[in-house]
Structure formats: C-alpha cells, structure tokens
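1. please find the sequence and the predicted model below.
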Amino acid sequence: MTMLLILKARSYAVKLIVKVLSDDTFLLHVGEQGSCSKVLWAAAWICGGYCNELSAPDKLIQPEIVSLRPDITAMCIQSAMKLELNPVAFITQASVAK
C-alpha cells in the first residue's frame, strides 16, 4: 500500500515539476535577483531521474533554456536525452499513441 502511494505521489510531483519547467514567466525572469534559478536545475534533474513518469521531453528542451546558466541548460539537455533513450518511456509513448 505504501509503495503504491509513493508511486502515485512521484507521478504527481513530476507532473507539477514539468509545469515549473514550462512556465514562460519563470524562465523569463530567471536571471533576476531572488528568482530561485536553482529550482530549474533540480526540476530538470528530477525529470531525468524519473523520466518514465514523463511523456515527452519537449518541456525540457525549449528555446528559452539557452538563456539559463550553463549548468541548468546542461541538466535540461541531459534529462531530455534520458527520456528519449529510456525504453520504458518509449514503450509508454507508443502505447499512448495507439
């Protein structure tokens, strides 16, 4: 029972984190003082770590990421590659497409 709750919470958390990564306003103001840009690095890391919970890497690879700090950009790219190369995610995407 506990494991089922953890899996559901993880799935929900990753979906919320993707919203942070795709928030245009957050990305636009990430260079400003107090913008918490480290949150983007952590969000990208989590998405890469639990890439089987995501359906597409498009939120990790956006034109706006080139304006982020290099470490955040690298983490977004690395996480998107994990998603693309994850066979479980690929199988899930194929079954959803049917």
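-> Structure received.

2. please count neighbours and contacts with C-alpha atoms only from this point.
-> Fine.

3. so T73 makes contact with E64?
-> No: T73 lies out of contact with E64 (C-alpha atoms under 8 Å); the separation is 9.4 Å.

4. which helices and strands sit right next to the longest helix anywhere in the chain?
-> If you go by DSSP state H, the chain has its longest helix at helix 2-21. Using 3 or more C-alpha pairs under 8 Å, 6 or more residues apart in numbering; DSSP states H and E as the contact test, the elements touching helix 2-21 are helix 38-49.

5. chain center to the helix it packs on: distance?
-> Distance of helix 38-49 from the chain centroid (C-alpha atoms, centre = their mean, to the nearest Å) equals 6 Å.

6. in that helix, which residues are buried?
-> For helix 38-49, burial by neighbour count (16 or more other C-alpha atoms under 10 Å) applies to L40, W41, A43, A44, W45, I46, C47, G48.

7. thinking again about what came up before, following the chain onward from the longest helix of the chain, which element is next?
-> helix 24-28 (DSSP states H and E).

8. buried residues in that following helix, which are they?
-> Buried residues in helix 24-28, counting neighbours by 16+ other C-alpha under 10 Å, are found at L27.

9. below-threshold pLDDT in the protein: ranges please.
-> Along the chain, segments meeting pLDDT under 70 span 1-5, 55-59, 87-98.

10. tell me how many other residues crowd S11.
-> By other C-alpha atoms under 10 Å, the residues close to S11 number 16.

11. not counting sequence-adjacent ones, nearest residue to it?
-> Once flanking residues are discounted, S11 sits nearest to E53: 5.7 Å by C-alpha to C-alpha, 6 or more residues apart in numbering.
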